[in-house]
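# Structure for this input, please:
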Amino acid sequence: MHIVVVEIQVKTEKVEGFKSASLLNAQNSVSEPGIVRFDILQQKADPTRFILYEVYRSPADADLHKLTAHYLKWKETVADMMAEPRRGTPYLNLFPQDSDWN
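Okay, the predicted model is just below:
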């Protein structure tokens, strides 16, 4: 599996718009065959902070995701909503084993 955790801080006045755009992107993303999980998390203590937890079957699937119309629309829509550039960090999968993912 290819796992990426994306950390995002959104401008306070843009939180609701960011959530709407991100939910639409996630709902479309989970229908891609190479995506196993696409979670959106909002921090309780600071609602301007979000995590995208993305699990792809391979790095190539992550690359394909970035070419989809819904991702490109999301990227354009949220660009001016971010308080700072988003940070994506790749992770190695330890558990469950890759073969145990649906």
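
# Could you use CA atoms for every contact and neighbour count after this?
Noted.

# what about the residue most central in space within the chain, is that helix, strand or coil?
Nearest residue to the geometric centre of the chain (Cα atoms, centre = their mean): Leu52, 3.7 Å. Put simply, Leu52 is strand when judged by DSSP: H, G, I helix; E, B strand; the rest coil.

# Likewise for Thr77?
Put simply, Thr77 is helix when judged by three-state DSSP.

# which residue sits closest to it in space, ignoring its chain neighbours?
Spatial nearest neighbour of Thr77, excluding adjacent residues (Cα to Cα, 6 or more residues apart in numbering): Ala21 at 7.1 Å.

# again, but for Pro47
Excluding its sequence neighbours, the residue lying closest to Pro47 (Cα to Cα, 6+ apart) is Val15, at 7.7 Å.

# Confirm for me that that neighbour is in contact with Phe50.
No - taking contacts as Cα atoms under 8 Å, Val15 lies outside contact range of Phe50: 9.7 Å.

# the longest helix in the protein is where?
helix 15-29 (DSSP state H).

# could you give me the average pLDDT of stretch 9-22?
Mean pLDDT, stretch 9-22: 98.

# Now do the strands in the chain.
2-9, 35-42, 49-56, 87-91 (DSSP state E).

# Return the set of buried residues in stretch 83-90.
Gly88 (16 or more other Cα atoms under 10 Å).

# what does stretch 60-71 rub up against?
2, 24-25, 28-29, 32, 34-35, 56, 72 (Cα atoms under 8 Å, 6 or more residues apart in numbering).

# try it again with 10 Å
Defining contact as Cα atoms under 10 Å, 6 or more residues apart in numbering, one finds that stretch 60-71 is touched by 1-4, 21-22, 24-29, 32-35, 54-56, 58-59, 72, 75, 77.
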